[in-house]
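Asker: Here's my sequence, what's the structure:
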Amino acid sequence: MTESTTTSRILHLLSLLQTRRYWSGDELARRLGVSGRTLRRDIERLRDLGYVVNANRGVDGGYQLDAGTDLPPLVFTDEEAVALAVSLRTSSALDGIADLNVAALAKLEQVLPSRLRGRIAALAAATTPTTPRRVSAPVDAEVLAVLALACRNSERVRLRYSSGAGEESRRQVEPVRLVWHSGRWYLVCWDLQRADWRTLRVDRIDDVFETRVRFTPREVPGGDAAAFVVDRLGGLPTGFTARIRIDAPIEAVREWMGAYADDFEADGDRTIWSPSDRYLEPLAGALIWLQWPFEVLGPPELVELLEGHDRLRIRRSGGAAEVGRRKMEDPLRTRSDEGVHG
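Answerer: Modelled structure (predicted):
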């Protein structure tokens with residue numbers, strides 16, 4: 001057997017150990033197509049490389065990849081590497097872990113084969129995310145990671161939590177799910193002291209300690225953790241809905257905006273656009289897509305925000321704001337040709 005064959009088999013073994021918490025020896029040997037003796041030698045080779053592989057003897061004996069003092073190399077399939085890179089790209093706007101995401105993405109893309117870099121670049125170029133939500137308070141990346149592992153492994157944790165009034169409490173909980181909602185991370189858990197479900201803001205959690213005590217997960221009320229969080233918080237914030245009168249027929253506006261927006265209604269030979277968002281800034285930013293003069297009919301908060309914008313001409317007119325751009329001499333020129341003028 002060649003050295004390359006042995007290396008490939010060990011990498012395959014490592015990949016299998018990373019995908020499941022526990023493997024029986026017989027199943028691993030069958031997956032690899034080797035004898036039990038060869039499997040044990042390969043396990044030893046992994047240990048020599050720094051991986052902590054625990055072995056349980058007996059009829060039901062098997063192997064488990066455990067955490068070590070140092071982070072050893074990891075093995076990803078092509079599909080896993082692409083998924084990881086895309087996830088890091090799309091989560092780079094999350095406060096508290098943004099810098100860590102960028103650093104991890106840089107390391108990953110540096111070693112990716114060119115065929116995978118091309119796939120990731122194509123995916124990034126072909127997709128457009130919506131405006132990221134602002135996060136009022138950053139989270140501790142280590143706390144988030146410990147809670148995620150506790151949810152996955154169904155292990156109790158002890159933590160210190162600060163309420164909105166600043167009152168601190170120490171709790172022992174059974175974490176079930178992490179939910180990202182309206183710019184914040186929430187932990188859905190069963191509070192052992194209170195014998196009830198709790199929704200805890202992760203940015204208010206400090207000093208998380210693993211207990212290594214396993215539990216049988218309870219079913220979240222309603223069976224949906226995300227819906228449970230929304231219900232506990234009283235539903236989604238109403239946010240803002242703008243009303244923009246565009247000096248162009250609705251057919252032309254729809255053709256220009258494409259898939260970017262569809263909330264239009266005809267107003268004679270003009271168009272009313274009613275975009276909604278929780279925050280005012282994305283609504284203001286959306287106006288740069290328009291190539292025609294337009295009038296902001298509301299809400300008043302958006303009018304006030306636009307009045308301080310140095311790249312748009314705004315004139316108050318009976319409670320509304322008239323926002324204009326220098327008319328293009330050639331109506332076929334694009335925004336990049338014309339630019340935004342004050």
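Asker: So which residues of the stretch 151-300 of the chain form strands?
Answerer: For the stretch 151-300 of the chain, applying DSSP state E, counting those that start in this stretch gives strands covering 155-162, 168-181, 184-191, 196-201, 205-214, 240-241, 243-246, 264-267, 270-273, 276-277, 294-298.
Asker: per-domain residue ranges of this protein.
Answerer: Per automatic domain parsing, the structural domains of the chain span 3-66, 78-126, 141-232, 240-338.
Asker: Can you report the mean pLDDT over the residues of the last one?
Answerer: Which is domain 240-338. Domain 240-338 carries an average pLDDT of 69.
Asker: And for the first one?
Answerer: Domain 3-66 carries an average pLDDT of 82.
Asker: From residue 81, how far off is residue 117?
Answerer: In this structure, residue 117 and residue 81 are 10 Å apart, going by CB to CB, to the nearest Å. Any C-beta I mention is one placed from the backbone N, CA and C, and that applies to glycine too.
Asker: Please say which of these two ends up with more neighbours.
Answerer: The neighbour comparison of residue 117 against residue 81 (other CB atoms under 10 Å) goes to residue 81, with 20 against 17.
Asker: Can you classify the more buried one by secondary structure?
Answerer: Assigned by DSSP: H, G, I helix; E, B strand; the rest coil, the conformation of residue 81 is helix.
Asker: who's in contact with it?
Answerer: 108, 112, 116 (CB atoms under 8 Å, 6 or more residues apart in numbering).
Asker: make it 6 Å
Answerer: By CB atoms under 6 Å, 6 or more residues apart in numbering, the contact list for residue 81 reads residue 116.
Asker: Check residue 154 too.
Answerer: 214-215, 217.
Asker: and what of residue 36?
Answerer: Applying CB under 6 Å, 6+ apart, the residues contacting residue 36 are residue 29.
Asker: Just the CA atoms from the strand or helix carrying residue 86 would do, formatted as CSV, please.
Answerer: Under the criterion of DSSP states H and E, residue 86 resides in helix 78-90. Coordinates of each C-alpha in helix 78-90 appear next as CSV, following Å, rounded to 0.1, in the frame of the first residue of the first chain:
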residue,chain,number,x,y,z
ASP,A,78,-15.5,20.7,-1.4
GLU,A,79,-19.1,21.3,-0.5
GLU,A,80,-18.4,21.9,3.2
ALA,A,81,-15.6,24.4,2.3
VAL,A,82,-17.9,26.4,0.0
ALA,A,83,-20.7,26.4,2.5
LEU,A,84,-18.3,27.6,5.2
ALA,A,85,-16.9,30.4,3.1
VAL,A,86,-20.4,31.5,2.1
SER,A,87,-21.5,31.4,5.7
LEU,A,88,-18.6,33.5,6.8
ARG,A,89,-19.3,36.1,4.1
THR,A,90,-23.0,36.4,4.9
